[in-house]
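In: Dropping the sequence and predicted coords here.
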There are 2 protein chains.
Amino acid sequence: MAALADDFLIGLREWLAIPSIGADPAHHGDVAASAHWLADALRRDGWPDVRVWDGGPALPAVYACWPAADPDAPTVLVYGHHDVQPVDPVEQWQHPPFEATLVGEELFGRGASDDKGQVAMHLLGLRAHLAATGAAQPAVTVKLLVEGEEESGSPHLTRLLDDHRADLACDLVVFTDTPLYARDAPTVCTGQRGVYGAEVVFTGGTSDVHSGRAGGSVPNPATAIARLVAALHDDSGRVQLRDFYADVVEPTEAERADYAALPFDEAVWLANAGGAQGVAGEPGWSTLERVWVRPTAEVNGIHGGYTGPGLKTIVPARASVKLSFRLVPDQRPERVADALREFVARHTPAGLRAEVIASGDGAPPYAVDVSHPAVGAVRDAVQAAFDQPVRFSRTGGSGPAALLHGWLGVPVVYLGATLPDDRIHAPNERVVVPLLLRGAEAAARLWRLLPERLS
Amino acid sequence: MAALADDFLIGLREWLAIPSIGADPAHHGDVAASAHWLADALRRDGWPDVRVWDGGPALPAVYACWPAADPDAPTVLVYGHHDVQPVDPVEQWQHPPFEATLVGEELFGRGASDDKGQVAMHLLGLRAHLAATGAAQPAVTVKLLVEGEEESGSPHLTRLLDDHRADLACDLVVFTDTPLYARDAPTVCTGQRGVYGAEVVFTGGTSDVHSGRAGGSVPNPATAIARLVAALHDDSGRVQLRDFYADVVEPTEAERADYAALPFDEAVWLANAGGAQGVAGEPGWSTLERVWVRPTAEVNGIHGGYTGPGLKTIVPARASVKLSFRLVPDQRPERVADALREFVARHTPAGLRAEVIASGDGAPPYAVDVSHPAVGAVRDAVQAAFDQPVRFSRTGGSGPAALLHGWLGVPVVYLGATLPDDRIHAPNERVVVPLLLRGAEAAARLWRLLPERLS
């Protein structure tokens, strides 16, 4: 395993050096390079069927399959992604985001945790599985789908699933883009929030105008966008889109008790939440519950008018806000999109033109039935690899788990080995390497457990 | 006069080529170059006493004096400024902002109208006055104060006035930074709004955080800044700072009748207000009144989080808004500053740190008593130069008229020949050259009228 681990780290650092920022068209060449790096790595590992899917509108995705010797063995599809978030503010990085710097047990770099590190973990897991069994083929048929648009909301994933239905057929999806609860409290994730994102733009004039000329007598798009944002929540923090909470399934008392039993240190949690100075949010729910099982409306960015040095007394011609909504079962992104359009129409003052620009279709939320045998197998594999008991948790992030479940018609389980304080989407993203090695061991064990558990 | 006019235009175009953007420290060398250009031009014109005041904390100002032959003649101080506004969005300029492009009667460039054009008009006015009288000295002692920080709110003007009290002693200030009402309806301005500007910054964490990690459970500075802005006005558009309207002196019915009698075409007015699509504002007041005699709160700029392409699901660490308040007699910037700090403190959510960064001390509003004989002299001079009757108007812009009045203890009258649709502070600023020539003629006449009117 030591030789495999060295090899794993060398490969991961190479991959992390490729700035595959999917949101930025200037980096789409890098997304393609990242896909081909992964395909080459899989071929070097001996995967018999490796393909880069780059013929459609989607940024390149990688597919691979390593069949089990037993034709009756279950088929699992490991899902991950190789696109990464933008890196600004880049000046806040202590190491260059695309140089994959190893400091002690931590590997720093954009994508180290989200999600290249966890995809690489599965490559290592299969090598470890084969090494442990001594067989030339895995105990289950392992398929891999590593897409290039997850950070953009997976806008073409349904198309990939549709175009490659036979290739992707499986009995179980293993979703590998979620963290453990904590280093000293490894958990098995059982659900993720969904997300819907859109930019709202208000336009007044065709150019900025001197506020001495027109201030007080024309609508100000920046004021209007602020009033729109302010109306998004009531004073208690509840989201004010029409029927926003109508489809929300609340967690059971047993689930809430499970979350309450996890160790929680607010000061540590805040330090890992970007150094926030206090918690806030919907009343009646704990901090973990607000992140895991409650929906939100967040401003990701707001802009309008003059923001350079000094005073410039204008009424801006235009102002905009980027909003995203985290969703929980059984909310639907398309219903939130409708409600947002209705909300914007209701809050557009006379004299301004409104535009709502969706960032794709969004991702529905997902939660797996924890009584499914595959969930128990994952828990047992993680327990053995980490050598301690684990609880179930959820995560507040989003991904296409619901979409994979819906299109493939199979349950989705979660196997991840990163941490919530890995600073994903923020400067100084890192991954803790020994946890990835344990995660690989958990995967290696899971492939051995599944034939019996799913029989 | 034709030779003088040619010379005037050559000089003004040279001056406009100097990008004296006072708000941007990178252009402070240009502000100095602009001051020296003006001093050289005054010396060429024969002004016997010309000085650049650049020893203190203020950006360089220019002082000049041309004494009357009669030691008992009144002394007038012409006030203007040579700093200019920033030029962004620079891509919206049809001609480069610092190339002073002449198209027909219009001269395009940053500062053409605000305020280099009007200062140059007074240089021409004095040459025309001397040419008309055939004397070697003007009929009144003419002093000139052209500062370099007006667009930044004149933060060091009181210091200049204090340091140079004897130099600046006068019987009347002629303020030359306001427009006529319209090309076909020249007016004499009798007052300006004041202004107070400040940036409010809300800070949460030390870095942005993934909204899947903490969205819904920490305060969002961008949401908070939006809620602060939204609370600035009630639904009718009235400003909600404490006691904001307590000191407001409403215009008399006679003044309102005068404003109502001016020609007003809303479509034309909107086209000149940056192409705005409709009027809006405090109920019970006309559009002109909202701009001239009512106070406002405007967002000049707002910024927070990610504003690049695509979706980036973060809770920003920081968000900020640049606000400015236009004030009317007898509001005081320092009282508005206090009220804003109190308002921000009241609207800062738990878990966020607030900072209020004032852009200088602001400028108090000012209105002159229209029965003062100097006001009548200005009206007569403008009437003669433009060969038509004129009404009184006001302007919604700001300047240090109240400050000059307070420190020098004399009335301030307004003599300007620009237009409200000159797009000052916006792309494609221009000035109509024939109006500046008429303005120079009005100044030349005013210097002849004043000895008798002020005796």
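Out: Noted; the coordinates are in hand. Residues are numbered from 1 along each chain as shown, chains lettered A, B, ... in the order given.

In: Okay, buried residues for the longest helix along chain A please.
Out: Longest helix in chain A, counting residues (DSSP state H): helix A:433-453. Residues A:433, A:435-450, A:453 are the ones in helix A:433-453 that count as buried (16 or more other CB atoms under 10 Å in any protein chain shown). Placement of C-beta: from N, CA and C, glycine included.

In: for stretch A:44-55, same thing?
Out: By neighbour count with 16+ other CB under 10 Å, stretch A:44-55 contains the buried residues A:45, A:47, A:50, A:52, A:53.

In: ok, the second one to chain B distance?
Out: Taking CB to the nearest CB, to the nearest Å as the criterion, residue A:47 is separated from chain B by 30 Å.

In: which residues does the residue nearest to residue A:261 when sequence neighbours are not counted contact?
Out: Setting aside the residues directly before and after it, residue A:261 is nearest to residue A:391 in space (CB to CB, 6 or more residues apart in numbering or on different chains), at 6.9 Å. If you count contacts by CB atoms under 8 Å, 6 or more residues apart in numbering or on different chains, residue A:391 has them with A:181, A:185, A:187, A:188, A:258, A:261, A:262.

In: Buried among these? Make that a PyMOL selection.
Out: Selection of buried members from the contacts of residue A:391 for PyMOL, criterion 16+ other CB under 10 Å:
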select buried, chain A and resi 181+185+187+188+258
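
In: closest to residue A:175 among the contacts of residue A:391?
Out: Distance to residue A:175 across those (CB to CB) is lowest for residue A:188, with 11.4 Å.

In: can you confirm the closest one is in a helix?
Out: No - counting by DSSP: H, G, I helix; E, B strand; the rest coil, residue A:188 falls outside a helix, being strand.

In: now the strands for the stretch 51-200 of chain A?
Out: Applying DSSP state E, counting those that start in this stretch to the stretch 51-200 of chain A gives strands spanning A:61-66, A:75-81, A:101-103, A:106-108, A:141-147, A:172-175, A:187-192, A:194-203.

In: quick one, phi/psi of residue A:105?
Out: Phi and psi for residue A:105, reported as degrees, to the nearest 10, are phi -90, psi -10.

In: Restricting to C-alpha, output stretch A:90-102 in PDB.
Out: Taking Å, rounded to 0.1, in the frame of the first residue of the first chain, the C-alpha atoms of stretch A:90-102 are listed here in PDB:
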ATOM      1  CA  VAL A  90      -6.200  34.800  -5.500                       C
ATOM      2  CA  GLU A  91      -4.100  37.100  -3.300                       C
ATOM      3  CA  GLN A  92      -5.500  35.300  -0.300                       C
ATOM      4  CA  TRP A  93      -3.900  32.000  -1.200                       C
ATOM      5  CA  GLN A  94      -0.800  31.100   0.800                       C
ATOM      6  CA  HIS A  95       0.300  28.700  -1.900                       C
ATOM      7  CA  PRO A  96      -0.400  29.100  -5.600                       C
ATOM      8  CA  PRO A  97      -3.800  27.400  -6.300                       C
ATOM      9  CA  PHE A  98      -2.500  25.300  -9.100                       C
ATOM     10  CA  GLU A  99       0.900  24.100  -7.700                       C
ATOM     11  CA  ALA A 100      -0.500  21.300  -5.300                       C
ATOM     12  CA  THR A 101       1.700  22.200  -2.400                       C
ATOM     13  CA  LEU A 102       2.200  19.400   0.300                       C
END
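
In: buried stuff in it?
Out: Across stretch A:90-102, burial judged by 16+ other CB under 10 Å covers A:93, A:95, A:97, A:98, A:100, A:101, A:102.

In: Skip the chain neighbours and tell me the closest residue to the first one.
Out: Of all residues not flanking residue A:93 in the chain, residue A:427 sits nearest, at 4.8 Å (CB to CB, 6+ apart).

In: need the contact list for the one you found.
Out: Residue A:427 touches A:87, A:89, A:90, A:92, A:93, A:94, A:97, B:207, B:208, counting by CB under 8 Å, 6+ apart.

In: ok, the residues you listed vs residue B:127, which is closest?
Out: residue A:89 (54.5 Å).

In: Now for the closest one: which residues touch it?
Out: Counting by CB under 8 Å, 6+ apart, residue A:89 makes contact with A:427, B:208.

In: and the residue nearest to residue A:93, what element?
Out: Residue A:427 belongs to no helix or strand when assigned by DSSP states H and E.

In: roughly how far apart are it and residue A:277?
Out: Residue A:427 sits 18 Å away from residue A:277, going by CB to CB, to the nearest Å.

In: cool, and residue A:256?
Out: 27 Å.

In: picking up where we left off before, which neighbouring elements make contact with the longest helix of chain A?
Out: Secondary-structure packing of helix A:433-453 (3 or more CB pairs under 8 Å, 6 or more residues apart in numbering or on different chains; DSSP states H and E): helix A:2-16, helix A:116-133, strand A:172-175, helix A:373-386.

In: what distance separates it from the middle of the whole chain?
Out: Offset of helix A:433-453 from its chain centre (CA atoms, centre = their mean, to the nearest Å): 21 Å.

In: for it, what is the average pLDDT?
Out: The average pLDDT within helix A:433-453 is 97.

In: ok, now stretch A:309-323?
Out: 93.

In: Could you do stretch A:354-366 as well?
Out: The predicted model assigns stretch A:354-366 a mean pLDDT of 92.

In: Could you check it and say which residues are buried?
Out: Buried residues in stretch A:354-366, counted by 16+ other CB under 10 Å: A:354, A:358, A:359, A:360, A:361, A:362, A:363, A:364, A:365, A:366.

In: Also stretch A:72-87?
Out: For stretch A:72-87, the neighbour count (16+ other CB under 10 Å) marks A:73-87 as buried.

In: who's the residue lying closest to residue A:316 once chain neighbours are set aside bridged to?
Out: Once flanking residues are discounted, residue A:316 sits nearest to residue A:305: 3.3 Å by CB to CB, 6+ apart. Beta-bridge pairing for residue A:305 (DSSP bridges): residue B:301.

In: Tally up the residues packed near residue A:304, please.
Out: Neighbourhood size, residue A:304 [other CB atoms under 10 Å in any protein chain shown]: 29.

In: Sticking with the closest residue to it other than its chain neighbours, tell me its helix or strand.
Out: Once flanking residues are discounted, residue A:304 sits nearest to residue A:319: 2.7 Å by CB to CB, 6+ apart. Secondary-structure assignment from DSSP H and E places residue A:319 in strand A:318-327.

In: That strand: partners in the sheet, and parallel or antiparallel?
Out: Counting by DSSP bridges, strand A:318-327 is paired with strand A:194-203 (antiparallel), strand A:296-305 (antiparallel).

In: for the following helix or strand past it, which positions count as buried?
Out: Downstream of strand A:318-327, the next assigned helix or strand under DSSP H and E is helix A:333-346. Judged by neighbour count (16+ other CB under 10 Å), helix A:333-346 contains these buried residues: A:333, A:335, A:336, A:337, A:339, A:340, A:341, A:343, A:344.

In: Give me the contacts around helix A:333-346.
Out: Residues external to helix A:333-346 that are found in contact with it (CB under 8 Å, 6+ apart): A:194-196, A:198, A:200, A:228, A:231-232, A:240-244, A:247, A:323, A:325, A:327, A:354, A:356, A:358, A:361-364.

In: Cross-check the contact I'm expecting between residue A:317 and residue A:204.
Out: Yes - using CB atoms under 8 Å, residue A:317 makes contact with residue A:204 at a distance of 5.7 Å.

In: list residues touching both of these two?
Out: Residues touching both residue A:317 and residue A:204 (CB under 8 Å, 6+ apart): A:221, B:274.

In: more crowded one of those two?
Out: Neighbours were counted for residue A:317 and for residue A:204 using other CB under 10 Å; residue A:204 has more, 30 against 24.

In: what sits opposite the closest residue to residue A:150 other than its chain neighbours in the beta ladder?
Out: Sequence neighbours aside, residue A:81 is the residue nearest to residue A:150 in space, at 3.5 Å (criterion: CB to CB, 6+ apart). Beta bridges link residue A:81 to residue A:147, judged by DSSP bridges.

In: This completes my enquiry, with thanks.
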